[in-house]
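Colleague: Sequence first, then the predicted structure:
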Amino acid sequence: MLAALVLTLLTDGWTGLKTLLSRLGRWRVGGRWYGVAFGLPIFVVMAAVVMATVNGAPAPTAAQLAEWPNLFVVFIFVTIFSGPLGENLGWRGYALERLQGKYTPLAATLILNVLGLLWHVPLFLVENIT
């Protein structure tokens, strides 16, 4: 994300940076689908906890349940700075646009996917991230 912001500023100036950042706020689907996207993982985790408890796992304690609101803060932080939003601003916001200037959309997407795969290979090689 930081590289995309800096490179955009250097190559396209403040206007290009404003254009790149403005694309982050575009809502392409109805609000209901964003609710599904954020609510479904919460529902799945809650269902997993219920199923585990029903099958003999210890029920979460009150102290554990009190920590749930912190997960939302961590989720937002990770999503913006080290997760999908951070990466997509660089990959799709900066790189894909420039690749599509030289290649067909399909070729640009394939090139970007290979680059993304190579970028993530070290994560697959690390056995235990703690």
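Modeller: Arrived safely, thanks for sending.
Colleague: buried ones in the host helix or strand of residue 13?
Modeller: Applying DSSP states H and E as the criterion places residue 13 in helix 2-22. Within helix 2-22, the residues scored as buried using 16 or more other C-beta atoms under 10 Å are 4-5, 7-8, 17, 20. Using the backbone N, CA and C atoms, a C-beta is placed for each residue, glycine as well.
Colleague: Relative to residue 115, how far out is residue 121?
Modeller: Note on residue 121: its distance to residue 115, by C-beta to C-beta, to the nearest Å, is 11 Å.
Colleague: more neighbours, the two?
Modeller: Higher neighbour count among residue 121 and residue 115: residue 115, with 13 against 8, using other C-beta atoms under 10 Å.
Colleague: Excluding chain neighbours, what is closest to the more buried one?
Modeller: residue 95 (7.3 Å; C-beta to C-beta, 6 or more residues apart in numbering).
Colleague: Does that neighbour touch residue 113 like I think?
Modeller: No. In this structure, residue 95 is not within contact of residue 113 by C-beta atoms under 8 Å, at 11.0 Å.
Colleague: between these two, which one's more packed in?
Modeller: With neighbours defined as other C-beta under 10 Å, residue 95 and residue 113 compare such that residue 95 has more, 19 against 11.
Colleague: for that one, what are its contacts?
Modeller: 4, 112, 115 (C-beta atoms under 8 Å, 6 or more residues apart in numbering).
Colleague: Residue 35 too?
Modeller: Counting by C-beta under 8 Å, 6+ apart, residue 35 touches no other residue.
Colleague: Backbone dihedrals for it, both of them.
Modeller: Main-chain torsions, residue 35, degrees, to the nearest 10: phi -60, psi -40.
Colleague: ditto for residue 104
Modeller: The phi/psi pair for residue 104 (degrees, to the nearest 10) reads phi -70, psi 160.
Colleague: how deep is it tucked in, by neighbour count?
Modeller: Residues near residue 104, counting by other C-beta under 10 Å, number 10.
Colleague: And the helix or strand of the chain with the lowest mean pLDDT, what does it pack against?
Modeller: The weakest-scoring helix or strand in the chain, judged by mean pLDDT, DSSP states H and E, is helix 84-88 (a mean of 75). Contact partners of helix 84-88 among helices and strands, from 3 or more C-beta pairs under 8 Å, 6 or more residues apart in numbering; DSSP states H and E: none.
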